[in-house]
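Chemist: Here's my sequence, what's the structure:
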Amino acid sequence: MNLVSIRIITAQIESLVKFYEKITDTTAIQYTPDFAELKTPNATLAIGSTRTLQFFGGESVAQPAENRTAIIEFMVDDVDQEFDRLKNVLSPYIVQEPTTMPWGNKSLLFRDPDGNLVNFFTPVTKESVEKFATKQE
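Modeler: Numbers count the residues shown, from 1 in each chain. As a prediction, this is how the structure comes out:
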């Protein structure tokens, strides 16, 4: 089994796609006005409008801007550099400025415009660097 994507359902697809393009410095592939993907080497972040819910059984299947459990995580080369690059964009959304976690990652936690938690992190301890080095090969 292989996890290939996470999909966010939103009522504001245009603004959310632009937000993720800005923070990831990646251009989304917009397949339709209601569905886009941001592809990374290991996984894809899909963004679908609430109109796509009709294909999954109706609007009650998922509620946009209601996530209170998941964190979307991106491993970045230098979390401090990303924080400096995005400080103005993220200022209203910052939950925690770059902080080294007990498990060895330096982490920047913020919310997207729909309130979903996003974590940019960089492994900084020897153990954490080694852990992620084996996943990159």
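
Chemist: what about the helices in the protein?
Modeler: For the chain, applying DSSP state H gives helices covering 13-24, 79-90, 126-136.

Chemist: Buried ones in the helix or strand bottoming out on mean pLDDT in the chain, by neighbour count?
Modeler: Least confident helix or strand of the chain, by mean pLDDT, DSSP states H and E, is helix 126-136 with a mean of 84. Within helix 126-136, the residues that qualify as buried by neighbour count (16 or more other Cβ atoms under 10 Å) are residue 128. For every residue, glycine as well, the C-beta is placed using N, CA and C.

Chemist: Spatially nearest residue to the one residue sitting closest to the centre of the chain (excluding sequence neighbours)?
Modeler: Computing the C-alpha centroid of the chain and ranking residues by Cα atoms, centre = their mean puts residue 72 first, at 4.2 Å. Nearest non-adjacent residue to residue 72, counting by Cβ to Cβ, 6 or more residues apart in numbering: residue 118, 5.0 Å away.

Chemist: you'd agree that neighbour is up against residue 107?
Modeler: No - applying Cβ atoms under 8 Å as the test, residue 118 and residue 107 come out as separate, 10.6 Å apart.

Chemist: Walk me through the domains of this protein.
Modeler: Following automatic domain parsing, one gets these domains for the chain: 1-60, 70-137.
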